[in-house]
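>>> Got a sequence here, can you build the structure:
(2 chains)
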Number of protein chains: 2
Amino acid sequence: MASAAEVTGILNQTQVYLTEVLLPFWIEHSPDPAYGGFLTHFDQFGKPTGETTKTFLAQIRMLYTMASAARAGYGNGRCAELAKMAADFILDHYWDEEHDGWFWIADRQGNPTCRDKVGYGHCFGVYAFSEYYLATGDERGRRAALRAYDAICRHMVDFRHGGFLELFHRDWTPLAGATSGGDRKSLDVHMHMMEAFTTLYEMTGSVSHRRHLEEVIELILARMLHPKTGLGIAQFAYDFTPLPAINFDTTWGRDADPEAGKAAKPLDQTSPGHNVEFAWLLLHAADVLGLPRQTYAGLLRTMCDHCVAFGIDPEYGGVYADVPMDRPATLTEKQFWQQGEALVALLDAYLQLGDETYWQAFRNVHDFVFGKMIAWEAGGEWYERLDRQGKVLDGALAHSWKINYHSVRAMVQTIARLRKIVA
Amino acid sequence: MASAAEVTGILNQTQVYLTEVLLPFWIEHSPDPAYGGFLTHFDQFGKPTGETTKTFLAQIRMLYTMASAARAGYGNGRCAELAKMAADFILDHYWDEEHDGWFWIADRQGNPTCRDKVGYGHCFGVYAFSEYYLATGDERGRRAALRAYDAICRHMVDFRHGGFLELFHRDWTPLAGATSGGDRKSLDVHMHMMEAFTTLYEMTGSVSHRRHLEEVIELILARMLHPKTGLGIAQFAYDFTPLPAINFDTTWGRDADPEAGKAAKPLDQTSPGHNVEFAWLLLHAADVLGLPRQTYAGLLRTMCDHCVAFGIDPEYGGVYADVPMDRPATLTEKQFWQQGEALVALLDAYLQLGDETYWQAFRNVHDFVFGKMIAWEAGGEWYERLDRQGKVLDGALAHSWKINYHSVRAMVQTIARLRKIVA
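Sure, this is the predicted structure:
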């Protein structure tokens, strides 16, 4: 087992990093005093790139990050203040009073430049504003979360097959097929809907919010995992027929795929990062639903065992982006966000399943993050993409589609779990 | 083919009956001057029974009946006035500000006595208030329809399997299983959801309302009709596994089933009344969607051919309630509402498919209605239930669950179709 000294050491290191390095970087550098909201474009040296586009996703993730940090007790009030700044800017500029829903991209002043409706963003709207209300009690947060939830219920739900359509024009006409993606469903969006409904239900205690959370969980478990391996499948037709995953034109996962624009991925390819993220979010949903974590222990084991076996690089450390379900990875680059999700899930596995293997795997990823992924000299956010050995391939610390949601959340959640282990 | 004289004769007879008998009965006898809304309890002699319960269903159907009659040009303004009376009473008394949705039963003053949420009623809420807005332009109607639609989207939709849950406690917790019915889905509610979404989309032209209407149609066609016969199956598990139909404790279909409380019906039993009602409502949905009626001509033929072969009594006339899918009926009583739906669908079949058989079948049912079902001496509403030969078994003209929705709508729709045939 991990020694108390070892765990305490990592706990202290992580706390210092979060409170003295990572949060201060964002608190000091990202607010936009001129127009409100946040500037979220930083190069590998931690300098603003000059780009001022304000995507809904980056602003709403800033809201989530600051609200969740505040609720977890960080920032001495400053995180709550920044969360309010984010809420103000989002509420002032992104809502479409004519057609419901949030616009997708705005300029620095907040004028919308892309009015498409993106389901992924609407998940985060519910998630972040619910978290904001829970952190601050600001009634505007509750109302905004419920308004976003209504937009999801009115426009995204597929009354024919269940689940959610994901990509729309401004008036909620689904986008075309092919790389426009309007004819597909994804594990990504359904998983984030589960995440959003979890915090929504935590906020409201509503009977229907609980039922819809349970329905989304059942749907993912029954239709979006591989029937033999139990691992995640990325994309589907409306009727949940698995489809080889392609990259969509509407970007939010640029950080998630170095192969963007290339051929469709084989169906036996899976994302260890999404798998373990789903696993720990599912256990968190169980907590909020009042179910024993044991309910989903088998799924947690499946996801983490595959991640340990094929997702983690035993030689250089860290988690690969996409790997086959039953054999080692061939693409060995490492992106930032999978590292953060693996940290949290592997600690859940260690706590729930009591197997030393998961602690060792956590140590592998932790050492990779603290040794290679964190841009220590540039303010402490994480690089976007490294080669197998840890050399920077894409050093951007932040842009329209990459911000602090994965890094800060992973640290907040890691600390909470390390404290449980120490206790 | 039907001669012009024959059609004109029936058209005139029907118009006189609707405008001189049926509508005046309701206009003169049902308004409640003391408390607003309508008293909807009349015995077989057309006399008030003294019962004053005001179910949401009876009030909302009165709203639909009067609004639709007004929109079709009847009543010289009086139907529109009564529609407004219905809207006033419903808006004042039935909405649950705390939990969303409409209460199910109230007393004469409008105080709720059953606060359950019944999906069937919520379909009619959308349907009737949309019709009311289309008939009168009263903005309150549009808002009420959209509010009811939101309640459906928030609480009734099954995000796991698609379709709708149907029976709930006040806070939208689904009722228990067995005869409480909370674990079932029905063709009845899904068909009425299609009907409601059709008029909703007619009112709004909304992209999402159109898509949801299309989804409900696809769902019914794919999951709720028998794969071999194409005929309607009444009840299902949440995942659309067909189940032998039972009667629910929460009543609205007392008029629909003389065997209430008896054993579950065999799975090869079908309702010719629902089948033909679904067929003509589907063709109406096609009209509103701008699709050719030909799209659903095959389904119309299937439903009407079965109705002609096994649903209609060739000897004494009229339509049976429930019959086997492939052989003659054994239960030969006749209820009121199936007669009305058959009149409309058989004229659609005659117009669309051009087969004399459907005209003859229409004549059979028309003669049965005008000869046996209409309580001429008692004001002209229809009896509830007759034996095979036409003797009254249950003469109630109206009560909590039977009012003028089927009778008036059938006459309005019949007249419109007879005019097309004559033209």
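
>>> in the stretch 51-200 of chain A, which spans are strands?
For the stretch 51-200 of chain A, the strands defined by DSSP state E, counting those that start in this stretch occupy A:54-55, A:105-106, A:112-114, A:117-118, A:167-168, A:184-186.

>>> want to try TSV for the ones you listed, with distance to chain B and mean pLDDT as columns?
Where C-beta positions appear, they are placed from N, C-alpha and C, glycine not excepted. Output for these, formatted as TSV (distance: least, C-beta to the nearest C-beta, whole Å; pLDDT from 0 to 100):
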stretch	distance to chain B	mean pLDDT
strand A:54-55	24	98
strand A:105-106	21	98
strand A:112-114	18	97
strand A:117-118	10	97
strand A:167-168	9	96
strand A:184-186	12	97
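
>>> what about the spatially closest residue to A:Glu166 that is not a sequence neighbour, distance to A:Thr250?
Using C-beta to C-beta, 6 or more residues apart in numbering or on different chains and skipping the chain neighbours, the partner closest in space to A:Glu166 is A:Gly119 (3.8 Å). Distance, A:Gly119 to A:Thr250, by C-beta to C-beta, to the nearest Å: 10 Å.

>>> what is in contact with the two at once?
Contact criterion C-beta atoms under 8 Å, 6 or more residues apart in numbering or on different chains; residues shared by A:Gly119 and A:Thr250: A:Leu167.

>>> that older thread, neighbours of the residue nearest to A:Glu166, just the number please.
Other residues lying near A:Gly119 total 26 when counted by other C-beta atoms under 10 Å in any protein chain shown.

>>> Contact partners for the residue nearest to A:Thr40 when sequence neighbours are not counted?
Once flanking residues are discounted, A:Thr40 sits nearest to A:Ala58: 4.2 Å by C-beta to C-beta, 6+ apart. Listed by C-beta under 8 Å, 6+ apart, the contact partners of A:Ala58 are A:38, A:40, A:398, A:400-401, A:403.

>>> go on, A:Ala80?
Neighbour list for A:Ala80: A:66-67, A:70, A:135-136 [criterion: C-beta under 8 Å, 6+ apart].

>>> run the last query once more with 6 Å
The contact partners of A:Ala80, by C-beta atoms under 6 Å, 6 or more residues apart in numbering or on different chains, come to A:70, A:136.

>>> and the gap between it and chain B?
Using C-beta to the nearest C-beta, to the nearest Å, A:Ala80 is found at 30 Å from chain B.

>>> if we can go back for a sec, would you list the strands of the stretch 51-200 of chain A in JSON lines and tack on distance to B:Cys79 and mean neighbour count?
What follows is the strands of the stretch 51-200 of chain A, written out as JSON lines (distance: least, C-beta to C-beta, whole Å; neighbours: other C-beta atoms under 10 Å in any protein chain shown):
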{"stretch": "strand A:54-55", "distance to B:Cys79": "53", "mean neighbour count": "27"}
{"stretch": "strand A:105-106", "distance to B:Cys79": "50", "mean neighbour count": "22"}
{"stretch": "strand A:112-114", "distance to B:Cys79": "46", "mean neighbour count": "14"}
{"stretch": "strand A:117-118", "distance to B:Cys79": "40", "mean neighbour count": "26"}
{"stretch": "strand A:167-168", "distance to B:Cys79": "40", "mean neighbour count": "24"}
{"stretch": "strand A:184-186", "distance to B:Cys79": "46", "mean neighbour count": "25"}
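
>>> wait, which of those strands is closest to A:Ala378?
Among those, the nearest to A:Ala378 by C-beta to C-beta is strand A:54-55 (21.7 Å).

>>> what distance separates the closest one from the centre of its chain?
Mean-position distance between strand A:54-55 and its chain equals 17 Å (C-alpha atoms, centre = their mean, to the nearest Å).

>>> Parallel or antiparallel, list what pairs with that strand.
strand A:105-106 (antiparallel) (DSSP bridges).

>>> give me phi/psi at A:Ile220?
phi -60, psi -50 (degrees, to the nearest 10).

>>> ok, it - how many residues close by?
For A:Ile220, using other C-beta under 10 Å, the count is 20.

>>> nearest spatial neighbour of it, skipping sequence neighbours?
A:His190 (5.4 Å).

>>> okay, now the one you found: neighbour count?
For A:His190, the neighbour count with other C-beta under 10 Å is 25.

>>> And A:Met1, by the same measure?
The burial count for A:Met1: 10, using other C-beta under 10 Å.

>>> and the closest residue to it other than its chain neighbours, how far is that from A:Asp348?
Once flanking residues are discounted, A:Met1 sits nearest to A:Glu356: 6.1 Å by C-beta to C-beta, 6+ apart. From A:Glu356 across to A:Asp348, the span is 15 Å (C-beta to C-beta).

>>> who's more crowded, these two?
Per other C-beta under 10 Å, whichever of A:Glu356 and A:Asp348 has more neighbours is A:Asp348, with 28 against 10.
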